[in-house]
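A predicted structure for the sequence below; I have some questions about it.
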2 protein chains.
Amino acid sequence: MLHGIKAGFALDARLEADSVPLMWLGLCELRLMDDCRWPWLVLVPQRAGIEEMHDLTPLDQAMLTFETNLVSQGLKTVTGCRKINIGALGNIVRQLHVHVIARNEGDPGWPGPVWGHGVREPYDRSKLHEFAERIKAAL
Amino acid sequence: MLHGIKAGFALDARLEADSVPLMWLGLCELRLMDDCRWPWLVLVPQRAGIEEMHDLTPLDQAMLTFETNLVSQGLKTVTGCRKINIGALGNIVRQLHVHVIARNEGDPGWPGPVWGHGVREPYDRSKLHEFAERIKAAL
């Protein structure tokens, strides 16, 4: 069973459709966005009914920060990117989730944000699996 | 002297030009973006030479989280907005800074991100001061 391990938590259907599971951290489910335009990870705190970061308990806020920065450091190391972009928007998908994206000069939409830019381009399966393995090895 | 209180820290010139100082928290300088399209605050950790959140010390990471969530809660209370957007991008301004923005259905660019959307619209001075006072009173 991939989801529902934490009481009452169920992954949003749109997040589930657009990304694949990578691993479970102490608080978050870590997922890889299935969009080959940018190396793009998403952390979803496994807590039911939370929309804003400030609505997490103080301990969960600290855990989310720790896990976000761990993932950010790992993604930068694996990709050698110029800049990490971190965002928690939730205007469309309300379930709290944090994006961690590797950006480089000249990538699609640079220097603008990735959200709302063009149309998602799914990976070739072999490339998706290869990238997923590299991220898992780095964390 | 507004800046340079923390050793070696100097506010990026573009952040200084686009926003006004509100108050100093333990780690961050809190600023109000001078753009009346959205209620928009920016936290700038007063640390020299930091571009990525994961390059802060663990204590500074925890402080930044605490201050970001304090500001997020305050902005949501003051504005009654539908959703808070939080982002640390830095593709243009490299000095680490965290955006906290109040969003509502139908606001400019909704449900997309605010970054890169159209052209900044400065406040009338009286409205800027009024909003700044409301934020300061809420924190």
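Looks like it arrived, so ask away. Everything numeric in this text was worked out from a predicted model, so none of it was measured.

got the residues of chain A near chain B?
Applying C-beta under 8 Å from any C-beta of the partner chain, we find that chain A lies next to chain B at A:51-54, A:61-62, A:64-66, A:68-70, A:72-73, A:76, A:83-92, A:94, A:103, A:110-113, A:115-116. For glycine as for every other residue, the C-beta is placed from the backbone atoms N, C-alpha and C.

Could you pull out the helices in chain A for me?
Counting by DSSP state H, chain A has helices at residues A:13-18, A:58-79, A:125-138.

For the last one, what does the pLDDT average out to?
The average of the pLDDT scores along helix A:125-138 is 97.

dump the residue contacts of the residue minimising distance to the centre of chain A.
For chain A, the residue lying nearest the average C-alpha position, counting by C-alpha atoms, centre = their mean, turns out to be residue A:42 (0.8 Å). Neighbour list for residue A:42: A:15, A:19, A:30-33, A:97-100 [criterion: C-beta atoms under 8 Å, 6 or more residues apart in numbering or on different chains].

let's see 10 Å
Applying C-beta atoms under 10 Å, 6 or more residues apart in numbering or on different chains, we find residue A:42 in contact with A:15, A:18-19, A:22, A:28-33, A:71, A:93, A:97-101.

Now do it, the pLDDT please.
pLDDT at residue A:42 comes out at 98.

Quick check: bridge partners of the closest residue to it other than its chain neighbours?
Excluding its sequence neighbours, the residue lying closest to residue A:42 (C-beta to C-beta, 6 or more residues apart in numbering or on different chains) is residue A:31, at 4.7 Å. Note on residue A:31: beta-bridge partners by DSSP bridges are residue A:21, residue A:42.

Using ChimeraX, make a named selection holding only the buried ones among the residues of chain A next to chain B.
In ChimeraX, a selection of the buried entries from the residues of chain A next to chain B looks like this (16 or more other C-beta atoms under 10 Å in any protein chain shown):
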select /A:52,53,54,61,62,64,65,66,68,69,70,72,73,76,83,84,85,86,87,88,89,90,91,103,110,111,112,113,115,116
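
Excluding chain neighbours, give the residue nearest to residue A:117 in space.
Residue A:117's closest residue in space is residue A:109 (C-beta to C-beta, 6+ apart), at 4.0 Å.

my bad, should have said residue A:30
For residue A:30, the spatially nearest residue (C-beta to C-beta, 6+ apart) is residue A:22, at 4.6 Å.

who touches that neighbour in this structure?
A:29-32, A:41-43, A:71, A:131-133, A:135-136, A:139.

quick one, which of the helices of chain A is nearest to residue B:7?
helix A:58-79 (23.2 Å; C-beta to C-beta).
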